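Peer 1: Sequence and predicted structure, then a few things I'm wondering about:
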Amino acid sequence: MIKKLTSVIEWSTLLFSTGIVCLFLIIILWDLISKGAPSLSWEFVSTLPREGMTKGGILPAIIGTVLLTMITALVAVPFGISCAIYLNEYASDNWLTRLIRACIRNLAGVPSIIYGLFGLALFVQGLQMGTSLMSAGFTLGLLSLPYIIITTEEALRRIPASTREAALAVGATQFESIIDVVLPSALPGILTGVVLTLSRAAGETAPILFTGVAFYINNPSGFLNQEFMSLPYHLYMLSTQHQAIEEVRPLAYGTALVLIIVVFLLNLTAFYIRYKHSKNE
Amino acid sequence: MNKDDIKLSASSVNLWFGKKQVLKDINISFPKNQITALIGPSGCGKSTLLRCFNRMHDLSPDARIEGEFLLEQRDLYERGLSVTEVRSRIGMVFQKANPFPKSIYENINYGLKINDVPKEKRQDIIENALKESYIWEEVKDEMQKPATRLSGGQQQRLCIARAVSLRPEVILMDEPCSALDPLSTLKIEELIVKLKKDYTIIIVTHNMQQAQRVADKTVFMYLGEIIEEGDTNTLFSDPKNDLTANYVKGHFG
Ligand SMILES: Nc1ncnc2c1ncn2[C@@H]1O[C@H](COP(=O)(O)OP(=O)(O)O)[C@@H](O)[C@H]1O
Ligand SMILES: [Mg+2]
């Protein structure tokens, strides 16, 4: 009787927590969609802002965020995955590797504004790259590295030794076994980590604040060596810094919705790759 | 035993994992085209010994090996011999079936590919390996199906086919049936006996009946040492050592 009662309590606590989380998600989405959807139009996503941001679209911000995320991925994904492979597959378990791992974990906890300052010092000034798309992308790449390393290492660790041994036993070198068997098996886990990290990076403002983002540029393109607009920063400006905040509120919601959609598309790609992969398992 | 009949041998082998000595002064030889069973209580070092022969310990930094391993006259750990060559001449089948997370076809093809078998020859080799492992009839129509969808017994036969496809001289099997149901076990045992005409087989097993059903020679290990070895029938019916006698009667294990 007592047992049954506690199990009902446990069950309902879990259900309640899940419910609360879903509720918040639904409220946020509902708020965004109901207020943002009216601003969405072909014009909104395909034209430049006009009349001091009160009219027109957000094309430069969309292009900026997409390009920025790509640069971030180009920096963080290859290096992050290589580093994780080294740590998990090659490095022996000694104090040095443990120290490196601890450092990586700590880096993942460093506030993003610190990365912004570091990017300013290293890329913008040190390497003379100026405030530019490239500087900002590299800064976000650095920010994303530790997350990608940690999640990739986690995914690699879940592949059992017997899978590696299967490849070695037919005469594969260690490198071949990693490339041909271990990485493909770990792909879903790695991909999840990469997408979560990039989604987070796409929504960051602090690291790009000093390294390249601009409130307004009057052309849609993103040149690597020029300043750029980005969705989260545009959203921040529209909601807090604009002289006619009430007037641009719908545009702010529209921008937020577009940002969510961009991130959602990123997740959808990963979902599709994982789905195709699971059919081969 | 005539020297020419010995396929594989180990002499004065000691092995440590860190400070712990796991194999102690092992001297053993495996006759050509025969099945040798390694038996003994778990933790006595059967897998560890088996894995010395295809150099599976190469990647564990805390393993230290002393002694000599010969494949016919060739030292398996000699400098001029690459570990990948050793492994293509000495195949292995593991305790838990471990097909690659790829299609049935690709499971066999992969080993051929990395051993530089020309493309035009592979189709025949794959088919023959699957036939030799008595799984061809069950999979011939769905070669592109993921191997992980096969039953446990089928997966293990696929793993045997994968090993066989490389035409190794020796096949090492580490408790290949321990995760299988009795019917699949019988199928694999039949297969092992049939493979003996082409390969030298060493099989680790927990199952005393299995050793008696398949093995020509049986080796009993205890705490990292070889206690007794000999013709399977003799070892089971007339063990010389008390430990062996107790173990084969099932008094401990
Ligand atoms: N990689 C390893 N590192 C440290 N100890 C190990 C390792 N592999 C096996 N051992 C130890 O070596 C002993 C023999 O193991 P094993 O050869 O697997 O026994 P068996 O196959 O006979 O059951 C066990 O005590 C085991 O704990
Ligand atoms: Mg074992």
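Peer 2: Nice, I can see it. Residues are numbered from 1 along each chain as shown, chains lettered A, B, ... in the order given. Ligands and ions are numbered 1, 2, ... in the order given.
Peer 1: Could you use CA atoms for every contact and neighbour count after this?
Peer 2: Noted.
Peer 1: Identify the residues contacting A:Val195.
Peer 2: Counting by Cα atoms under 8 Å, 6 or more residues apart in numbering or on different chains, A:Val195 makes contact with A:Leu266, A:Asn267, A:Ala270.
Peer 1: The first one: which element?
Peer 2: Of the helices and strands defined by DSSP states H and E, A:Leu266 is found in helix A:245-278.
Peer 1: And the strands in the stretch 51-200 of chain A, which stretches?
Peer 2: A:55-56 (DSSP state E, counting those that start in this stretch).
Peer 1: Please report how far the closest residue to ligand 1 within it lies from A:Thr97.
Peer 2: Nearest residue of the stretch 51-200 of chain A to ligand 1, counting by Cα to the nearest ligand atom: A:Ala161, 10.8 Å away. Distance check for A:Ala161 against A:Thr97: by Cα to Cα, to the nearest Å, it reads 20 Å.
Peer 1: Between the two, tell me which one has more neighbours.
Peer 2: Between A:Ala161 and A:Thr97, counting by other Cα atoms under 10 Å in any protein chain shown, A:Thr97 is the more crowded of the two (14 against 11).
Peer 1: returning to that earlier point: for the residue of the stretch 51-200 of chain A closest to ligand 1, report the pLDDT, please.
Peer 2: We have a pLDDT of 90 for A:Ala161.
Peer 1: Just give the number of residues close to residue 57.
Peer 2: Here I'm looking at chain A. Using other Cα under 10 Å, A:Gly57 has 24 other residues around it.
Peer 1: nope, chain B please
Peer 2: B:His57 has 17 neighbours, counted by other Cα under 10 Å.
Peer 1: same thing with A:Gly254?
Peer 2: By other Cα under 10 Å, 27 other residues sit near A:Gly254.
Peer 1: That one: what's it in contact with?
Peer 2: Going by Cα under 8 Å, 6+ apart, A:Gly254 touches A:Lys35, A:Gly36, A:Ala37, A:Pro38, A:Ser39, A:Leu40.
Peer 1: go on, B:Val248?
Peer 2: By Cα under 8 Å, 6+ apart, the contact set of B:Val248 is B:Met208, B:Phe236.
Peer 1: next one: B:Asp58
Peer 2: Taking Cα under 8 Å, 6+ apart, we find B:Asp58 in contact with no residue.
Peer 1: where does the residue lying closest to A:Ile190 once chain neighbours are set aside land on pLDDT?
Peer 2: The spatially closest residue to A:Ile190, leaving aside those adjacent along the chain, is A:Thr152, at 4.9 Å (Cα to Cα, 6 or more residues apart in numbering or on different chains). Model confidence at A:Thr152, given as pLDDT, is 96.
Peer 1: what's the neighbour count on A:Thr152?
Peer 2: Per other Cα under 10 Å, the neighbour tally for A:Thr152 reads 30.
Peer 1: now it: how far from A:Phe79?
Peer 2: Distance of A:Thr152 to A:Phe79, given as Cα to Cα: 11 Å.
Peer 1: Report the two of the contacts of A:Gly254 separated the most.
Peer 2: In those, the most distant members under the criterion Cα to Cα are A:Lys35 and A:Leu40, with 10.0 Å between them.
Peer 1: Now do the contacts for B:Asn109.
Peer 2: B:Arg122, B:Ile126.
Peer 1: Go over the secondary structure and confirm it is in a helix.
Peer 2: Yes - inclusion of B:Asn109 in a helix is indicated when DSSP: H, G, I helix; E, B strand; the rest coil is applied.
Peer 1: What does residue 27 show for phi and psi?
Peer 2: No chain was given, so I picked chain A. phi -60, psi -50 (degrees, to the nearest 10).
Peer 1: not what I meant, chain B
Peer 2: phi -130, psi 120.
Peer 1: count of neighbours near it?
Peer 2: 16.
Peer 1: Alongside chain B, which residues does the stretch 51-200 of chain A contribute?
Peer 2: Contact residues, the stretch 51-200 of chain A versus chain B (Cα under 8 Å from any Cα of the partner chain): A:92, A:162-163, A:165-173, A:181, A:185.
Peer 1: Need the buried ones from the residues you listed selected in ChimeraX.
Peer 2: This is the ChimeraX syntax for the buried subset of those, where burial follows 16 or more other Cα atoms under 10 Å in any protein chain shown:
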select /A:92,162,163,165,166,167,168,169,170,171,172,181,185
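Peer 1: which one of the residues of the stretch 51-200 of chain A next to chain B is nearest chain B?
Peer 2: Ranked by distance to chain B (Cα to the nearest Cα), these are led by A:Gly171 at 4.3 Å.
Peer 1: Look up how far B:Ser82 lies from that closest one.
Peer 2: Distance of A:Gly171 to B:Ser82, computed by Cα to Cα: 10 Å.
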